[in-house]
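Q: Got a predicted model here, sequence first, then my questions.
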Amino acid sequence: MDLHIVWFVLWGVLWSVYFMLDGFVLGAGMLHRVLGKNDSDRRVIINSFGPVWDGNEVWLITAGGATFAAFPTTYALMFSYLYTPLLLLLFALIVRGVSFEFRSKEDGAAWRGCWDWAIVISSFIPALLFGVAFGNIFSGLPMDKAGYHGSLLALLNPYGIVSGLLFVMLFVEHGALYVAVKSTGDLSRRAENLAKTLWVPLLLIAVLFLGYTNFATKLYDNYLKAPVFLVVPLLAVGALVGVRMFLGAGNALAAFAASCVTILGVVGTGVIGLFPNLIPSSLDALYSLTIYNSSSSEYTLKIMTTVAFIFVPIVILYKIWVYRLFRERVTAEAVAADHEAY
Amino acid sequence: MDVLTLSRLQFAVTSMFHFIFVPLTLGLSVFVAMIETRYVLSGNEMYKRMAKFWGKLFLINFALGVVTGITLEFQFGMNWAEYSRYVGDIFGAPLAIEATVAFFMESVFIGVWAFGWNKVSRRFHAFSIWMVAIATNLSGLWILLANGWMQHPVGYVLRNGRAEMVDFLALITNPFGLLKFGHQIVSGYTVAAFFVIGISAYHLLKARNREFFKASFTMAAGFALFATIMVAVIGDFHAADVAKTQPAKFAAMEAVWNTCNNAPMHLIAFPDAKNECNLVSALPVPGLLSFLAFHDTNAEIRGITSFPKDERPPVLPVFLSFRLMVGLGTFFIVVAAAAFFLAKNGLLEKYPLFLKLLVLVIPLPYIANQLGWIVSELGRQPWIVYGLMKTSDAVSKSLEMSQVVGSLAGFTLLYGLLGFVDIYLLVKFARKGPEETHVRATGAFGN
């Protein structure tokens, strides 16, 4: 078994699962003020993901750690080349985390209002930046022998922006569905209706993205070589249509599940198209970072594979268990009565 | 100022800020777990209230520890790309393992613990906080094994223009990392113990919730006595290991300029880096330094001047930090012993001045922790990986001044603000005491 490929798959899985899980937290965060009409709604929203958001973010830390351990050269160049966007991302994730924790620890309307805005902004920035970053990775970064020739502004090229908007819309839809599934009464209904409304622009941007990808990237080459992988983008598109159909049938939970598949499918589509690159060079394919020229040694990959094969299943098991434990809908009454709630 | 200096400064700011929260998390998780175990075993509701009260402070502190930790993982790539590329094959592994093995466990069970009071059984709830405590300490183990490798690289070969791992077992049994881990976790317990003691003393002075805070105080005093003694014991082994593996750091810690046998320990000393000697050195204890380092009064201690000039750490800050840390550590043992003795004999309220002192002691273990890290990291300079790679060769090549100026300013501002809010909330909830910890049920506004 080629461990480089094993780690490429794991790398893709870690990012996809991260976006699937943090996607609804980022999405609900962006909608925090739109859906949360009053303080009690807003507390319901935060508490709906209260027990799990931290665990979701760990997928990002693990994706970063796995990149470092398995593909150190990619880790080094990706993180230093994308310095400024990553910095903004860090700031946003830091603010978001403390906002959840701090918001309800004071009663004042000004205090809570500040943290509410902080949640909205610090959820929007990562969603957009992740999209912009991955859009640029899909299309390739301007790197050659002399290093990196890009800048923050250069990342905001049209394709990068379309990808950024796609991520924002995917997560907003995902977040609305999550709130619909996890809350009750008026809040849940409003979230469900919003999900229906948002689905139309999401579809438009998704179509635009898929079309644009054909011109801006070489992602589709792999699908021409091995059409069997077309199953992944087709699944993503099918799931996206499924979201709207389930919503129409009044089954928000199934719509949320379909939204999970959509996100996994979109990220999967991009990652499969990248193979065997992790970051292609837009200037000269010779300087693309691949799973072969940027990887760790065979020995390190072996050790890391052993660790991953033992612990990742265990992690998945207790993650599923914790989601089941907190599967009940969150109500305003329960939040008000629970002194430990956010 | 250049990209290198600014990147070093930024790493110092972000890691030291992160390390305000880490030691308390290490210790308080274990402390709350012990309290909750007592609750399960005795059924006494006071212990439940104790777990909730100290748990609330734990969570406020924990949030900042978590979010500021991501910065550190990202920074290796962002600012230290050459380092990451050169050592990633061996250094990346413990970081990835830390996330997979410890962070997932910690984050999942902290959710169960914070939100699961009415969802899981008492026993399982106590089990959850134990899982958090174990995971937190486990993450400490992996990150210190990673740091231990930077201090004393083992289990690698230089191949393909980089350091490649050839012996994973050597990496995870590196005595340097393991000793550091031992020294660090009990230092974390010390922070937490004095945190609980100080806040309890504050409430005892106000004569509020006396039974509650006496019980907290007594448990914490026992914890403090154990932790402070262990800090010194493991610290002694750790220093002896440093003398073997990092003689330049050891020489700086003790301000030994010239190589000598039967080296004395000067109780009072002050180094003069310019003239490569000590301005003051008085009260020598003959042979003590040789004995502490090698358990042999005649052993040779290498002096700083025996190292090439470009391989010497900055002596003054390393020396002062080490002295101050050791002084504080000794002071903590005395205070912990006194606190434990008074608490066990029910004499606490007879000595209000001592209680006041204990409130003031709260920040000191934090300072001692930071000083320890200054000794460790500054003492390793000019190396980023001791003897293998210099810090000046490790910085990212693609960075521009403006980027690092911006990020350093951003971190300083943001962290300053968050630190301020965090301390405000900690003080607020610490002052309120157990009966009033609850934020009032809302509904008062909005709607």
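A: Everything's here; your move. Just so it is clear, the model here is predicted, and its values are computed rather than measured.
Q: Let me know the pLDDT of residue B:443.
A: On the pLDDT scale, residue B:443 is placed at 35.
Q: Where does the prediction get shaky in the stretch 101-250 of chain A?
A: Across the stretch 101-250 of chain A, nothing is flagged by pLDDT under 70.
Q: Those residues of it touching chain B, which are they?
A: By the rule CB under 8 Å from any CB of the partner chain, the part of the stretch 101-250 of chain A lying against chain B is A:101, A:102, A:104, A:105, A:106, A:107, A:109, A:147, A:148. For the C-beta atoms, the positions are set from N, CA and C on the backbone; glycine is no exception.
Q: The same query, at a cut-off of 6 Å, please.
A: A:101, A:104, A:105, A:109, A:147, A:148 (CB under 6 Å from any CB of the partner chain).
Q: Is stretch B:129-139 positioned near chain A?
A: No: against chain A, stretch B:129-139 shows no contacts by CB under 6 Å from any CB, the least distance being 9.4 Å.
Q: what's in contact with that stretch?
A: Stretch B:129-139 has contacts (CB atoms under 6 Å, 6 or more residues apart in numbering or on different chains) with B:25-26, B:29-30, B:32-33, B:36, B:98, B:102, B:105-106, B:109-110, B:113, B:185.
Q: re the thing from before, which one among the residues of the stretch 101-250 of chain A next to chain B gets closest to residue A:171?
A: Closest approach to residue A:171 among these (CB to CB): residue A:101, at 21.2 Å.
Q: the strands in the stretch 101-250 of chain A, which residues?
A: Counting by DSSP state E, counting those that start in this stretch, the stretch 101-250 of chain A has strands at residues A:143-144, A:147-148.
Q: Within the sheet, what are the partner strands of the first one, with directions?
A: What it means is strand A:143-144. strand A:147-148 (antiparallel) (DSSP bridges).
Q: Can I get the residues of the stretch 101-250 of chain A next to chain B in a markdown table including neighbour count?
A: Formatted as a markdown table, these follow (neighbours: other CB atoms under 10 Å in any protein chain shown):
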| residue | neighbour count |
| --- | --- |
| A:101 | 24 |
| A:104 | 20 |
| A:105 | 19 |
| A:109 | 13 |
| A:147 | 15 |
| A:148 | 18 |
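Q: on that earlier part again, looking at the contacts of stretch B:129-139, point me to the pair that's furthest apart.
A: Farthest-apart pair in the contacts of stretch B:129-139 is B:36 and B:98; separation 25.3 Å (CB to CB).
Q: From the contacts of stretch B:129-139, list the buried ones, please.
A: By neighbour count, with 16 or more other CB atoms under 10 Å in any protein chain shown, those hold B:25-26, B:29-30, B:32-33, B:36, B:98, B:102, B:105-106, B:109-110, B:113, B:185 as buried.
Q: remind me which residues of chain B are low pLDDT?
A: B:435-447.
Q: what's residue 265 in contact with, if anything?
A: Unless you meant another one, I'm taking chain A. A:232, A:235, A:236, A:239.
Q: actually chain B
A: Residue B:265 touches B:285, B:288, B:289, counting by CB under 6 Å, 6+ apart.
Q: Tell me how far it lies from chain A.
A: Per CB to the nearest CB, to the nearest Å, residue B:265 is found 42 Å from chain A.
Q: Near residue B:298, how many other residues are there?
A: Applying other CB atoms under 10 Å in any protein chain shown, we find 11 residues neighbouring residue B:298.
Q: is it true that it touches residue B:286?
A: No: the criterion here is CB atoms under 6 Å, and residue B:298 misses it with residue B:286 at 10.8 Å.
Q: The longest helix seen in chain B and chain A, any residue contact?
A: Secondary structure of chain B read by DSSP state H shows that its longest helix is helix B:3-42. No: using CB under 6 Å from any CB, helix B:3-42 stays clear of chain A, coming no nearer than 9.5 Å.
Q: downstream neighbour of that helix in the secondary structure list?
A: Per DSSP states H and E, the first helix or strand lying C-terminal to helix B:3-42 is helix B:45-79.
Q: rewinding a little: nearest to residue A:33, of the contacts of stretch B:129-139?
A: Residue A:33 lies nearest to residue B:110 out of the contacts of stretch B:129-139, by CB to CB, at 26.8 Å.
Q: how close does that closest one sit to residue A:340?
A: 12 Å (CB to CB, to the nearest Å).
Q: Provide the count of other residues in contact range of the spatially closest residue to residue B:40 that is not a sequence neighbour.
A: Nearest residue to residue B:40, sequence neighbours excluded (CB to CB, 6 or more residues apart in numbering or on different chains): residue B:126, at 4.8 Å. Counted with other CB under 10 Å, residues neighbouring residue B:126 total 23.
Q: if I pick residue B:126, what's in contact with it?
A: Contacts of residue B:126 by CB under 6 Å, 6+ apart are B:36, B:37, B:40.
Q: okay, stretch B:221-241 in CSV with CA atoms only?
A: C-alpha atoms of stretch B:221-241 as CSV (Å, rounded to 0.1, in the frame of the first residue of the first chain):
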residue,chain,number,x,y,z
ALA,B,221,-3.3,22.8,50.5
GLY,B,222,-2.6,19.1,50.4
PHE,B,223,-2.4,19.3,46.6
ALA,B,224,-0.1,22.3,46.9
LEU,B,225,2.2,20.5,49.3
PHE,B,226,2.5,17.5,47.1
ALA,B,227,2.9,19.6,43.9
THR,B,228,5.5,22.0,45.3
ILE,B,229,7.7,19.2,46.6
MET,B,230,7.5,17.3,43.4
VAL,B,231,8.3,20.4,41.4
ALA,B,232,11.6,20.7,43.3
VAL,B,233,12.4,17.0,43.2
ILE,B,234,11.7,16.5,39.5
GLY,B,235,13.3,19.9,38.8
ASP,B,236,16.5,18.7,40.4
PHE,B,237,16.7,15.7,38.1
HIS,B,238,15.7,17.9,35.2
ALA,B,239,18.6,20.4,35.9
ALA,B,240,21.0,17.5,36.3
ASP,B,241,19.9,16.2,32.8
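Q: Give the buried residues for that stretch.
A: Going by 16+ other CB under 10 Å, stretch B:221-241 has these buried residues: B:221-231, B:234-235, B:238-241.
Q: Outside of it itself, list whatever touches it.
A: Contacts of stretch B:221-241 (CB under 6 Å, 6+ apart): B:175, B:179, B:182-183, B:186-187, B:189-190, B:193, B:293, B:329, B:332-333, B:336, B:339-340, B:343.
Q: just the buried members of those?
A: The neighbour count (16+ other CB under 10 Å) marks B:179, B:182-183, B:186-187, B:189-190, B:193, B:293, B:329, B:332-333, B:336, B:339-340, B:343 as buried among the contacts of stretch B:221-241.
Q: Could you grab the helix/strand/coil label for the residue nearest to residue A:104 when sequence neighbours are not counted?
A: Nearest residue to residue A:104 in three dimensions, chain neighbours excluded: residue A:342, at 5.3 Å (CB to CB, 6+ apart). Assigned by DSSP: H, G, I helix; E, B strand; the rest coil, the conformation of residue A:342 is coil.
Q: what sits against residue A:342?
A: A:46, A:47, A:50, A:100, A:104.
Q: Kindly reformat those as a markdown table and extend each row with distance to residue B:416 and secondary structure.
A: Compiled in a markdown table, the contacts of residue A:342 are given as follows (distance: CB to CB, whole Å; DSSP: H, G, I helix; E, B strand; the rest coil):
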| residue | distance to residue B:416 | secondary structure |
| --- | --- | --- |
| A:46 | 25 | helix |
| A:47 | 29 | helix |
| A:50 | 27 | coil |
| A:100 | 21 | helix |
| A:104 | 23 | coil |
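Q: Now compare these and name the two farthest from each other.
A: A:50 and A:104 (10.1 Å).
Q: re earlier: and the contacts of residue B:126, which is closest to chain A?
A: Proximity of the contacts of residue B:126 to chain A (CB to the nearest CB) peaks at residue B:36, which lies at 13.6 Å.
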